[in-house]
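> My questions are about this predicted structure, shown below with the sequence.
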Amino acid sequence: MDSKVDNASADVPMDETSEELEVFGDIPMARFGHTVTLVSNSKAVLFGGATGDTGKYIMTGDTFLFNILSKSWSKLTVKGVPPSPRAAHHSTNVEQMQMVVYGGATGGGSLASDDLFLLDMRNGEEEATWMIVPVVGSTPGRRYGHTIIFAKPHLLVFGGNTGSEPVNDVWCLSVEKAPFSW
């Protein structure tokens, strides 16, 4: 059944059906608190999250690539310095085949570092590399449950929880020229 959503800018046909895809490859375990980030027109990266049951969960730091066209997963063997296992972090695409991860919780009431991590896959998935983006000065600090977006050339972080209180602050990092600072 097709329907239309009317808004001020366009009549957009909406398909009200959805289906669970049959997927192939190295399928990730069930998890929560992870991120999935579109890094190209046909590829998305799953990072981190927690596996297991509430109260008995394990934080993960694994990185998977989903090929939308072939409906297949592959676990990436990534070089460099990866983020620690975490959940409730956030990620965003910054360029074709590149994404960043910031913040999150590491379990037991602890928070991940306030480092900004970049996953670079521009040289192919076989050469995928994590690195810490060098940032000078103050940072948004350790937090979880926040959001991060890239509006070229700026990364914006909003809100979240510092472990002691919810916050509604906004931080901006320009990536036009180094050294980078929030």
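All right, it came through fine. Computed from a predicted structure; not experimentally measured. Numbering: from 1, shown residues only.
> where in this structure is pLDDT low?
Applying pLDDT under 70 to the chain picks out residues 1-15.
> helix/strand/coil for the residue nearest the centre of it?
By CA atoms, centre = their mean, the chain has its centre lying nearest to Ser91, at 2.5 Å. Under DSSP: H, G, I helix; E, B strand; the rest coil, Ser91 falls in the strand class.
> Any idea what it is bridged to?
Val101 (DSSP bridges).
> The nearest residue to Lys71 once chain neighbours are set aside: how many residues sit nearby?
Nearest residue to Lys71, sequence neighbours excluded (CB to CB, 6 or more residues apart in numbering): Val23, at 5.0 Å. Bear in mind the C-beta positions are built from the backbone N, C-alpha and C, glycine included. Neighbour count of Val23, defined by other CB atoms under 10 Å: 13.
> OK, contacts around Val23?
Counting by CB atoms under 8 Å, 6 or more residues apart in numbering, Val23 makes contact with Phe66, Lys71, Ser72, Trp73.
> give me the beta-bridge partners of the third one?
Counting by DSSP bridges, Ser72 forms beta bridges with Phe24, Asn67.
> ok, now which ones touch it?
The contact partners of Ser72, taken as CB under 8 Å, 6+ apart, are Val23, Phe24, Gly25, Phe66.
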